[in-house]
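Need coordinates for the following:
(2 chains)
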Number of protein chains: 2
Amino acid sequence: MTRITFCFITILMAMAPIACQSQDSIDLIVQGDHLVTMDEAMTVIENGAVAIDDGVILAVGPATEISASYSAAKVLAGDNRIVMPGLVNGHSHAAMTLLRGVADDLALMDWLNNYIFPAEVQFVDAEFVRIGTELACWEMIRGGTTTFVDMYYYPDTIAGVVDSCGMRALISATVIDQRSPDAEDAGDSIRKGSGFIERWLGKNDRITPIFGPHANYTLNADQLKATRAAAMAFGVPISIHMSESPFEVQYSKDTYGVTSIELFESIGFFEGPTIAAHVVWPTDAEIPILAERRVGVIHNPTSNMKIASGIAPVTEMLAAGVRVGLGTDGAASNNDLDMWEEMRLAAFLQKVEQMNPEVLSAETVLRMATSGGATAIGLGDTIGSLEPGKRADLIQVAFEDVHHIPTYDVVSHLVYVNDEQDVTSVVVDGAVLMEERRMLTIDTQRVTREATELAARIQSALEERNQ
Amino acid sequence: MTRITFCFITILMAMAPIACQSQDSIDLIVQGDHLVTMDEAMTVIENGAVAIDDGVILAVGPATEISASYSAAKVLAGDNRIVMPGLVNGHSHAAMTLLRGVADDLALMDWLNNYIFPAEVQFVDAEFVRIGTELACWEMIRGGTTTFVDMYYYPDTIAGVVDSCGMRALISATVIDQRSPDAEDAGDSIRKGSGFIERWLGKNDRITPIFGPHANYTLNADQLKATRAAAMAFGVPISIHMSESPFEVQYSKDTYGVTSIELFESIGFFEGPTIAAHVVWPTDAEIPILAERRVGVIHNPTSNMKIASGIAPVTEMLAAGVRVGLGTDGAASNNDLDMWEEMRLAAFLQKVEQMNPEVLSAETVLRMATSGGATAIGLGDTIGSLEPGKRADLIQVAFEDVHHIPTYDVVSHLVYVNDEQDVTSVVVDGAVLMEERRMLTIDTQRVTREATELAARIQSALEERNQ
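Numbers count the residues shown, from 1 in each chain, chains lettered A, B, ... in the order given. Next comes the predicted model:
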């Protein structure tokens, strides 16, 4: 940022008043008819702008004031645009975009054993992960997601894609006690995961390498403890599936004599930061544990509904002070990465389950997808709201489509009406990744070709297998 | 249709073979990479086409065969396009688009008494209905809906809009025993409704004027019977809210000593064709009545979730042979008219409610939105599938967006991924209403201006009232 001074000189008749104004020269200004800041006070600024330099938000305020104070190398204009923080997708298996629609409407074990696992064993290698993650990043950026928490195989490859496409991510090295696409067993996956974390920790501010122990039914208590110890050694969080299905809770009872979250508490798993995906079946006794241990719970309403995992007690968790964010899960059980739909579904599902239309308001779910989600994944001080000092992760949304006519309440429209295709521009860490729907960091033609070719091979193989 | 004969003459060396082919000259051919016909056998034709003349589907088959047999005045090309029947929105209050987002997340009675009813009393006149219905038709056509069943005030105005925009609709004259925007009481609304039906019956093949008695808590048994008698006299169906909320069922028990659907059965209401919206709370004894009486049930998952009416037993109703279609309800409780979202929600909600991912498959809900919905509203022989002899109501959907990459199964993508903004062209009764996303029958700039101005007046009035 360099400070320069413009002088506007007006010569009028004999008078020569000189108006001098000091302007800072910065990277970027993003303007909007409404800035939905998602700050603590839920401030919405009409005709506002965000001043950004070196990846950081310098100022948020009325567009006229921002323009008077700053001279930007680039301006994203704000006519018919809402500006808001980028969305935080707290749980995904990004590369599974390549398996979307491979199999639907099946019982979980049929789906896993006859479709997903065979396809993964046969096809998931570093190339699959590269193409699938690029496809997912394209879809997420296009839809306004700026940060995601991923759990899949070949984490170095995932990190490479995130690095080049410009998103922000927590990337889990998956730990699982079975032969997986990139490891032999739990020990091997912890060892390889440690190598990944060493390579990426501190390398890129946008990328946090973490451990992703799969679940308490694919790892035993000792392996879970060993993964936590490894994470503590690096000072990184853990993401994990937790209390997702009745099966998992029953397995925990049968194997350990306690329910799922009680098990994690009893082995000291929550001593370090934890991002717990799903949490559909916490008991009344377990919810306070989640709050006290500051576990970030990621609610995945689409996946929980589509594969019939159940209805998470989101209202109760929020009331108990649990940090709850939102996620899409993988595209194989969704079948897209649309965070707007997750917001709507989260609200709708709680309202009907509680038979109370007042629960999970539009504002509440918008917070879960932004500042609340950021807090749940440990980035609450870094991103999630438009406030000076935070990293500049933000989006512009066009309110031009027929479904936005008329608009009484922008927050209502963002949650109950908006679609991914209304997002026009996306900024992460101050860099523009999409501008007026043009993707700037992803070669979409190449990704389309590669994904289509790989999917054709997968389809042929699945058809052969099922003959 | 005129029959002409083309002769392709090839002169080759000394030979002069003459290939003569007889071609019919027709209005329109619509092509697609996949035709999802929604016929009984669920036929999907790759690289197919639909031949259309005088509003009727003449032939459905491989594109090469259709091109060889017919010469069309207009061709909608099919690269990266799915062709399927237009969607049937079985329950709406179209003009309420003008009230979308006016108030959300409120208890039903607060919402109705402090927001919706005051706004309607103050603002709903013929002009409101004209603008709101035009806005709704624009939104529905844009999203691939070709037929809707409406219930609102000023039905002549609604019919005028439908007439000019080219959609197909069943338009209810609302009957309600209170002062409404267009009548004084039940008797007045039946009288005025009869006038509307006289004026529109047989006038336009796309428009069916019907009666819309509001519900059994806003009309007494005699008024319900009188409305049915009036409908029988004209030979038109009835659309009505039925068994929507616990309140309605309790009201029926308290007032009549029987549950809601039992009341309708006991007064002979089902003697004529009935389109029943919602049906969230039918008892086990009532479901067979719905099947036997061929009641068309319209499931409105978004509205039922958002205003917490409950979860309809769709799986049980389908198993019992009840005709079930889908609807959006009004945009004030949705907040859009997106039938793709209704399909997804219908599937997701049943899966999680039944804890069984196999129920309500993609194919089942796609049928509910097309041929099943057509049957539910009494148009099963006329529309709902791509079959020769049916009226030509069909749409093209682009599979070009990132969320459609890759595509293993077009039906899965239509239900679990597709958005309104993927619909590119819409044909109703053989006329093209939208072509490559250009609206051809609605002046969208005028509607935008009129809707925005009217909404500004409504917002000012509501703010004054709530001060």
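
In the stretch 251-400 of chain A, mark out all the helices, start to finish.
All helices of the stretch 251-400 of chain A, identified by DSSP state H, counting those that start in this stretch, fall at A:260-266, A:286-292, A:301-306, A:314-319, A:339-354, A:362-368, A:371-376.

for the stretch 1-150 of chain A, same thing?
Under DSSP H, counting those that start in this stretch, the stretch 1-150 of chain A gives helices at A:63-69, A:108-111, A:117-123, A:126-143.

Could you provide the ones you listed in a markdown table, with additional columns for distance to chain B?
All C-beta spots, glycine's among them, are computed from the backbone N, C-alpha and C. Below are these laid out as a markdown table (distance: least, CB to the nearest CB, whole Å):
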| stretch | distance to chain B |
| --- | --- |
| helix A:63-69 | 21 |
| helix A:108-111 | 7 |
| helix A:117-123 | 10 |
| helix A:126-143 | 5 |
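
Out of the ones you listed, flag the one nearest residue A:263.
helix A:108-111 (21.1 Å; CB to CB).

Now the closest one: buried residues?
residue A:111 (16 or more other CB atoms under 10 Å in any protein chain shown).

what residues does it touch?
A:103, A:245, A:247, A:307-308, B:357 (CB atoms under 8 Å, 6 or more residues apart in numbering or on different chains).

Check which element follows the helix or strand residue A:170 falls within along the chain.
Using DSSP states H and E, residue A:170 sits in strand A:168-175. Using DSSP H and E, the helix or strand that follows strand A:168-175 towards the C-terminus is helix A:186-200.

related to what we said a few turns ago, could the contacts of helix A:108-111 go into CSV alongside neighbour count and pLDDT?
Output for the contacts of helix A:108-111, formatted as CSV (neighbours: other CB atoms under 10 Å in any protein chain shown; pLDDT from 0 to 100):
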residue, neighbour count, pLDDT
A:103, 19, 88
A:245, 22, 93
A:247, 13, 91
A:307, 26, 94
A:308, 22, 95
B:357, 25, 96
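
Widest-spaced pair of these?
Once CB to CB is applied, these give A:103 and A:247 as the farthest pair, at 18.7 Å.

circling back to that earlier point, give me whichever of the helices of the stretch 1-150 of chain A is most buried.
helix A:126-143 (a mean of 26; mean count of other CB atoms under 10 Å in any protein chain shown).

May I have that one as CSV, with CA atoms only?
Extracted in CSV, the C-alpha atoms of helix A:126-143 (Å, rounded to 0.1, in the frame of the first residue of the first chain):
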residue,chain,number,x,y,z
ALA,A,126,-3.5,-39.2,-7.7
GLU,A,127,-4.8,-38.3,-11.1
PHE,A,128,-8.4,-39.0,-10.1
VAL,A,129,-7.9,-36.8,-7.0
ARG,A,130,-6.4,-34.0,-9.1
ILE,A,131,-9.1,-34.0,-11.6
GLY,A,132,-12.0,-34.5,-9.1
THR,A,133,-10.6,-31.8,-6.8
GLU,A,134,-10.2,-29.3,-9.6
LEU,A,135,-13.8,-30.0,-10.7
ALA,A,136,-14.9,-29.5,-7.1
CYS,A,137,-13.0,-26.3,-6.6
TRP,A,138,-14.5,-25.0,-9.9
GLU,A,139,-18.0,-25.9,-8.6
MET,A,140,-17.3,-24.4,-5.2
ILE,A,141,-15.8,-21.1,-6.4
ARG,A,142,-18.6,-20.8,-9.0
GLY,A,143,-21.1,-21.1,-6.1
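
hang on, the earlier thing: let me know the closest of the contacts of helix A:108-111 to residue B:187.
Looking across the contacts of helix A:108-111 and measuring by CB to CB, the closest to residue B:187 is residue A:308, at 49.5 Å.

picking that back up, which helices and strands does the strand holding residue A:170 pack with?
Packing partners of strand A:168-175 (3 or more CB pairs under 8 Å, 6 or more residues apart in numbering or on different chains; DSSP states H and E): strand A:145-152, helix A:155-165, helix A:186-200, strand A:207-213, strand A:238-242.

switch the cut-off to 7 Å
strand A:145-152, helix A:155-165, helix A:186-200, strand A:207-213 (3 or more CB pairs under 7 Å, 6 or more residues apart in numbering or on different chains; DSSP states H and E).

and of those, who's closest to residue B:58?
Of all these, it is strand A:145-152 that lies closest to residue B:58, at 46.2 Å by CB to CB.

That closest one: partners in the sheet, and parallel or antiparallel?
Note on strand A:145-152: by DSSP bridges, its sheet partners are strand A:87-92 (parallel), strand A:168-175 (parallel).

any chance of those strands in a markdown table, plus distance to residue A:240?
Below are the strands paired with strand A:145-152 laid out as a markdown table (distance: least, CB to CB, whole Å):
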| stretch | distance to residue A:240 |
| --- | --- |
| strand A:87-92 | 10 |
| strand A:168-175 | 9 |
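
Pick the most buried one from the ones you listed.
strand A:87-92 (a mean of 31).

gap between that one and the chain center?
2 Å (CA atoms, centre = their mean, to the nearest Å).

average pLDDT across that strand?
The average pLDDT within strand A:87-92 is 98.

What of stretch A:41-50?
On average, the pLDDT along stretch A:41-50 is 98.

Could you give me the buried positions within it?
A:44-45, A:48-50.

do the same with stretch A:314-322
A:314-315, A:317-318, A:320, A:322.

Distance to residue B:84 added to the residues you listed, as CSV?
Listed next are the buried residues of stretch A:314-322 as CSV, based on distance: CB to CB, whole Å:
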residue, distance to residue B:84
A:314, 35
A:315, 38
A:317, 41
A:318, 40
A:320, 46
A:322, 43
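
from these, which is closest to residue B:145?
Using CB to CB, those come closest to residue B:145 at residue A:314, 31.6 Å.

ok, the closest one - contacts?
A:299, A:324, A:346, A:350, A:360 (CB atoms under 7 Å, 6 or more residues apart in numbering or on different chains).

nearest residue to residue A:32 other than its sequence neighbours?
residue A:83 (3.4 Å; CB to CB, 6 or more residues apart in numbering or on different chains).
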